[in-house]
Each structure stands twice: as C-alpha cells, then as structure tokens.
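Engineer: Need a 3D model of the sequence below.
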Amino acid sequence: MRTGTNVRKLFFGLMLVFLGGCASSEYHPMPTPEQESPATATAAASPKPVGVYHKVTAGQTLWQIAGIYGVKMQDIVNSNNIPNGTTLEVGQLLFIPGVSQVQSGSEHPIDNNRNQFIWPLHGKVVIYFDDPIGFNTLNHGIDIQAQAGDTVQAAREGDVVMADYMNGYGQTVMIDHKDGFISVYARNARLLVKLGDHVFKGDAIAEVGQLGSRVVEHFEIRRGSQAMNPLYYLP
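Structural biologist: Below you'll find the model as predicted:
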C-alpha cells in the first residue's frame, strides 16, 4: 500500500510541474506559407495601345493617311513595322497610333494637282496685288468681292498655322503648304478651323466678313516672307 501511495504522489507531482510549465510558457504558432497567386493575377497586364485601324483605299499613300489623322508618318511606319520599299495595298489595315476615330478619307480623293492653287471663292477681284490701299501702303494680295457668309475654301492642302484675329487683317487663317508657300485668308466673319488642323484643298475654312461697306475676302500667297501676286498662281 505504501508503494502505491508513493507512486500516486510522484504522478501528481509530475503533473503539477508539467501544468505549471505550460501555464508559464507562451504559444508561438508556426507561420503558414503565403499562398501563391496565379500567374495571371500577379502578372502586370500589358497596356492596350491607343489607336484605330485604317483600311487603305485605292491610291492612298502613307503621307496622305498621316495627314488625314494628323499623325507623323514615321509613327505609322513604326507601329506597323513597314519595311523600306513597301507599297500599300488596297484593303490593307494600318494601325494609326494615338487617335480614337477612324477617318475614311473618301471625301478627299487623290489630288493629282496637289501643288496647284485654286480660288478660295468665286468672285470679282476688286483690289489687285500692289494696288495702293492707303497712305504709302500697297496691297499684298487680292480682294475678292463676295456676299456675307460665303464660304472660304483652302486653296491648297496644308497645316493651319494661324486661326485668330490679326491687326490689319481681322479674323485670319494662314495655311502652311510645306513647300515654302503660305496662303493667307483675311477679313473673315467666322473661322471654321483652328490652329494645328490639317486641311485639304477645297475644305471650308472660314466665312466671308465685311470691310466697311464692302464684303470682300482678302487673299495672299506668300513664298517665305515675300508676298507674291496670287493671280500668277490661280487658274
């Protein structure tokens, strides 16, 4: 009996030591490894390029398409990996970077006389080039008689480099034709284009205004900074 009593005492003593040790020790759970996300979730999504696809029509060139969208021709070449010497094919799709709307370009057929000027509007010339228009002042262009609100058209394709009020000229449009020539359209009542626009020959760019008691459109052709006689260039 004494032996059994001693065993029980020893058992209870060990239990007290074990429980006391558990109570005084802290529990530190083992860290669980983070679950790996799927590759599709962690991989950075490639940004979708901004632009549109243009379908090439008969006779179109890279230069013309770039002008339609107002982008650099080289940007189209780079975006489509166009090698040197490649000609466009009808129906070919070209990615045009940086634009949001497709332009057909059908309203601007190929101009075989691209470098020739046309009249900005039809009417009688009432003041000619180099005519005196004031004290010690000569006319640098021609003044064409019109009716208020008549539409003024671009005499040639080019980029609008001015569309604003100019002292002595009133509401004025200037178009740079990229070959040393600039055409000037002044005395307008309203401008239909803005700075930076690319316009084609025959596009509406302004509405005729009134100069005193007369309704006229002032038109100039300049080669560099020199005013030229427009009648030498108009058909």
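
Engineer: May I ask you to confirm that Ala55 is in contact with Glu89?
Structural biologist: Just so we're on the same page, residue 55 is Lys rather than Ala. No: under the criterion of CB atoms under 8 Å, Lys55 makes no contact with Glu89, lying 10.5 Å away. No exception for glycine: its C-beta is placed from N, CA and C like everyone else's.

Engineer: So if I had to pick from the two, which one is more boxed in?
Structural biologist: Of the pair Lys55 and Glu89, Lys55 is the one with more neighbours under other CB atoms under 10 Å, namely 13 against 7.

Engineer: What does the more buried one show for phi and psi?
Structural biologist: When read as degrees, to the nearest 10, the backbone of Lys55 gives phi -90, psi 120.

Engineer: and it, what are its bridge partners?
Structural biologist: Leu93 (DSSP bridges).

Engineer: Tell me how far it lies from Ile65.
Structural biologist: As judged by CB to CB, to the nearest Å, Lys55 and Ile65 stand 10 Å apart.

Engineer: Ala155 now?
Structural biologist: For Ala155, the distance to Ile65 - CB to CB - is 23 Å.

Engineer: So for the two, which residue has more residues nearby?
Structural biologist: Of the pair Ala155 and Ile65, Ala155 is the one with more neighbours under other CB under 10 Å, namely 27 against 20.

Engineer: nearest residue to the spatially most central residue of the chain other than its sequence neighbours?
Structural biologist: The residue lying closest to the centre of the chain (CA atoms, centre = their mean) is Gly70, at 5.3 Å. Counting by CB to CB, 6 or more residues apart in numbering, Gly70 lies nearest to His198, which is 5.2 Å off, once chain neighbours are set aside.

Engineer: What of Thr61?
Structural biologist: Using CB to CB, 6+ apart, the closest residue to Thr61 is Leu88 (6.9 Å).

Engineer: In this protein, where is pLDDT below threshold?
Structural biologist: Residues of the chain that meet the criterion pLDDT under 70 lie in 1-46, 85, 103-110, 112.

Engineer: Pull out the buried positions in stretch 68-75.
Structural biologist: Within stretch 68-75, the residues scored as buried using 16 or more other CB atoms under 10 Å are 68-69, 71, 75.

Engineer: Please list the members of the residues you listed that lie in strands.
Structural biologist: Per DSSP state E, strands hold no members of the buried residues of stretch 68-75.
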